[in-house]
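Novice: after the sequence you'll find the predicted model.
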Amino acid sequence: MSGRRDAGGRDTTLAVVRGLGWFSVGLGLAELLAPHAFTRNFGLRGHERLIESYGARELAAGIGILASRDPTPWLWGRVAGDALDLGTLATGLAGHNRPRSRIGIALAAVAGVTLLDVLCSRAMGARRQRAKRLARRDYSDRRGMPRPAAQMRGAARDFEVPQDFRIPEPLRPWTNATQTGAPQTDAPQTGAT
Amino acid sequence: MRALVWHGKHDIRCDSVPDPRIEQPRDAIIRVTSCAICGSDLHLYDNVIPGMERGDIMGHETMGVVEEVGPECHGLKRGDRVVIPFTITCGECEQCRRGNFSVCERSNRNKSLADKAFGHTTAGLFGYTHLTGGYPGGQAEYLRVPFADRTHIKVPESLTDEQVLFLSDIFPTGWQAAVQCDIQPEDTVAIWGCGPVGQMAIRSAVLLGARQVIAIDRMPERLSMAQAGGAIPIDFSAESVVERLNELTHGKGPEKCIDAVGMEAHATATLDSIYDAVKQTAMLETDRPHVLREMMYVCRPAGVLSVPGVYGGVLDKIPFGMAMNKGLTIRTGQTHVQRWTDDLLRRIEQGQIDPSFVITHRIGLEEGPGMYKTFRDKQDSCIKVVIRP
């Protein structure tokens, strides 16, 4: 799915990645705000704190995906989180009177999202590699001035800074004050005579 | 005509739109021969500046040939070759008479909106938010120029488009950033951001005679261009900016600091930037002001912070106590373009500087949408894009 665009020229990979980001934010908030609903439905009673921590992880990953210019590390973080989710859900299958059908559906859903996360991570990683492969150009010949900077330094000193752009003399930093006859030592002034 | 049109976040398209026409007696219509994508256009592309509307035409660095003038557009005639400043100026209000063209009191047609948002209106701008008039921009085949009798810079045929195009914005912006520092021969000037404005500020600081110019960025190609202009490069992804600046100034800090980055500082470079990125995503903050914080910290007491970088709204965790106690002077503002352009045009004509050094990509309008992304992502060593419609 690397670099795919729809008929309108929009980047579908990025759209899916952003969708995953928002999904992560939504799931994270749900896990943080209603952990009991998850533990009740998936046979994980007593593990509410664990679900809350998973919620915080999802929220962080979602914000990372949405806010960063390169979401690749956050996407791989989601893949690792998916593995944790699958393992945790699988523990719900053990023992009697477990809601196996609900857990089975949840496992299938998480597996599907994991596949999407992996595909997006690989696609974004490939993009990053392609971008890195594009040789960085060297602009060290782009001086913009006819002679080296050392020779051009001060060439515009004929420019008169307008009155309203001047910094009043008493407000100038110390280096300038030394030029106007102020004490030239850098040593602290003790005030002793 | 064809134009690059804003349709939403990360959605710029090359559309067919109606040709502009004379609407006011002082208007002119120009046929665009060259225009450019500006770093501040990227804030619109990223949708972090409020007040854009679907269908707005982008672009505020434009030049071309006059096609038609209104009945009261004196001093311009069909065939004149002009660069159009990004600020629209009436030339008659109190601010324009003082040379404060970027805060012209009459050119913003959405004055009441700006009065509410800013307290008092600022000038109208081409191809920008509706808070500044929502005027159609110049990334198009034609441009309507309001108050055209004052909003233009005539340029001689002896200079190429690429030599003079940047009089529209980035060259005077970099120049004003340096002038705001009131540079003295002993000054160290530190410049954050080596994009187009940063590059112009570097050369302006050198020409105005700064003893030492230091440029801060992380992209190797931008740092190489900065070094070519006479700056000492600091790669913030590889070394500590604060430590290196103190080292270069014998522990005193630079006297003058220029923020040529603005509201979208690199989002994952520092802890405070990550904090800003999270708050920005949660819509609790509009800008990522890492550079402002760092400048306040590292600047020498009684120094100057010059801020040509664009900020959009509400900034969080600004250490203003630090700035106050150190007695820093802070100078900001959009550029008063025409205040500097006579002098800068003369310097280009004399060969003191050729601003075309910054151009890295030349394209047609159709390639514009893709190039916005390339420029935003700093791909293909992109620093400055010029469009020939």
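Specialist: Perfect, I can see it now. Residues are numbered from 1 along each chain as shown, chains lettered A, B, ... in the order given.

Novice: and the closest residue to B:G91 other than its chain neighbours, backbone torsions?
Specialist: Leaving out its chain neighbours, the residue that sits closest to B:G91 by CB to CB, 6 or more residues apart in numbering or on different chains is B:R150, at 3.4 Å. C-beta coordinates here come from the backbone N, C-alpha and C atoms, glycine included. In terms of degrees, to the nearest 10, the main-chain angles of B:R150 are phi -110, psi -20.

Novice: now for the longest helix seen in chain A, which elements pack on it?
Specialist: Ranked by residue count and defined by DSSP state H, the top helix of chain A is helix A:100-133. The helices and strands touching helix A:100-133, judged by 3 or more CB pairs under 8 Å, 6 or more residues apart in numbering or on different chains; DSSP states H and E, are helix A:12-33, helix A:72-91.

Novice: find the centremost residue of the chain, please.
Specialist: All of this refers to chain A. Taking CA atoms, centre = their mean, the centroid of chain A lies closest to A:S68, which sits 2.9 Å from it.

Novice: please go with chain B instead
Specialist: Mean-position check on chain B, CA atoms, centre = their mean. Result B:I170 at 5.2 Å.

Novice: quick one, domains of chain B?
Specialist: B:2-169+B:335-387, B:171-332 (automatic domain parsing).

Novice: tell me the most buried of these?
Specialist: Mean neighbours per residue, mean count of other CB atoms under 10 Å in any protein chain shown, is largest over those for domain B:171-332, with a mean of 22.

Novice: now it: mean pLDDT?
Specialist: For domain B:171-332, the mean per-residue pLDDT is 92.

Novice: could you tell me the end-to-end distance of that domain?
Specialist: End-to-end span of domain B:171-332 (CA to CA, to the nearest Å): 16 Å.

Novice: chain center to it, what's the gap?
Specialist: Domain B:171-332 sits 15 Å away from the centroid of its parent chain (CA atoms, centre = their mean, to the nearest Å).

Novice: one more: stretch A:155-174?
Specialist: 41 Å.

Novice: tell me how many other residues crowd the closest residue to A:W76 other than its chain neighbours.
Specialist: Distances taken as CB to CB, 6+ apart place A:S121 nearest to A:W76, at 5.0 Å, with adjacent residues excluded. Using other CB atoms under 10 Å in any protein chain shown, A:S121 is surrounded by 21 other residues.

Novice: residues contacting A:S121?
Specialist: A:72, A:75-76, A:78-79 (CB atoms under 8 Å, 6 or more residues apart in numbering or on different chains).

Novice: so where's the longest helix in chain B?
Specialist: From DSSP H, the single longest helix across chain B is helix B:337-350.

Novice: run through who's touching that helix.
Specialist: A:156, A:159, A:162, B:83, B:85-87, B:89, B:99, B:101-102, B:150, B:153, B:155-156, B:158-159, B:163-164, B:167-169, B:171-172, B:175-176, B:179, B:207, B:353-355.

Novice: what's the distance between whichever residue of chain A sits closest to chain B and B:P146?
Specialist: Residue nearest to chain B within chain A: A:A149 (2.4 Å; CB to the nearest CB). Distance of A:A149 to B:P146, given as CB to CB, to the nearest Å: 40 Å.

Novice: equivalent analysis for B:P389, please.
Specialist: For B:P389 relative to B:P146 (CB to CB), the value is 20 Å.

Novice: repeat that for B:M263.
Specialist: 27 Å.

Novice: before we move on, what about B:K326?
Specialist: Relative to B:P146, and taking CB to CB, B:K326 is found at 42 Å.

Novice: for A:L75, what are its contacts?
Specialist: Here A:L75 is in contact with A:17, A:20, A:65, A:117, A:120-121, A:124 (CB under 8 Å, 6+ apart).

Novice: setting aside sequence neighbours, what's the nearest residue to it?
Specialist: A:S121 (4.1 Å).

Novice: follow-up on the earlier one: could you dump the contacts of A:S121 to JSON lines with distance to B:D56?
Specialist: As requested, these are exported to JSON lines (distance: CB to CB, whole Å):
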{"residue": "A:T72", "distance to B:D56": "32"}
{"residue": "A:L75", "distance to B:D56": "33"}
{"residue": "A:W76", "distance to B:D56": "38"}
{"residue": "A:R78", "distance to B:D56": "36"}
{"residue": "A:V79", "distance to B:D56": "40"}
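
Novice: who does the helix or strand where B:A215 lies pair up with?
Specialist: In this assignment (DSSP states H and E), B:A215 forms part of strand B:212-217. Paired strands of strand B:212-217, with direction, are strand B:188-192 (parallel), strand B:232-235 (parallel) (DSSP bridges).

Novice: next secondary structure after the first one?
Specialist: So that's strand B:188-192. Next in sequence after strand B:188-192, counting helices and strands by DSSP H and E, comes helix B:196-207.

Novice: do a quick rundown of the helices in chain B.
Specialist: Under DSSP H, chain B gives helices at B:39-45, B:94-98, B:111-118, B:161-164, B:170-179, B:196-207, B:220-228, B:241-248, B:271-281, B:290-298, B:320-325, B:337-350, B:368-376.

Novice: what is the fifth one packed up against?
Specialist: Here helix B:170-179 touches helix B:196-207, strand B:304-307, helix B:337-350, going by 3+ CB pairs under 8 Å, 6+ apart.

Novice: B:L315: which of these is closest?
Specialist: strand B:304-307 (11.3 Å; CB to CB).

Novice: do the closest one and chain A meet?
Specialist: Yes - against chain A, strand B:304-307 shows contacts by CB under 8 Å from any CB of the partner chain at B:V304.

Novice: which intervals of chain A have sub-threshold pLDDT?
Specialist: Applying pLDDT under 70 to chain A flags the ranges A:1-11, A:96-97, A:130-135, A:174-193.

Novice: go again using 80 as the cut-off
Specialist: For chain A, applying pLDDT under 80 flags the ranges A:1-12, A:68-69, A:92-99, A:127-136, A:169-193.

Novice: B:C90 contacts B:A148, correct?
Specialist: No - the criterion here is CB atoms under 8 Å, and B:C90 misses it with B:A148 at 11.0 Å.

Novice: can you count the residues close to the residue nearest to A:T72 when sequence neighbours are not counted?
Specialist: Excluding its sequence neighbours, the residue lying closest to A:T72 (CB to CB, 6+ apart) is A:M124, at 4.4 Å. Per other CB under 10 Å, the neighbour tally for A:M124 reads 23.

Novice: now for residue 100: which residues touch it?
Specialist: I'll assume chain A. A:R100 neighbours (CB under 8 Å, 6+ apart): A:L93.

Novice: ah, I was thinking of chain B
Specialist: Contact analysis of B:N100 by CB under 8 Å, 6+ apart lists B:H336.
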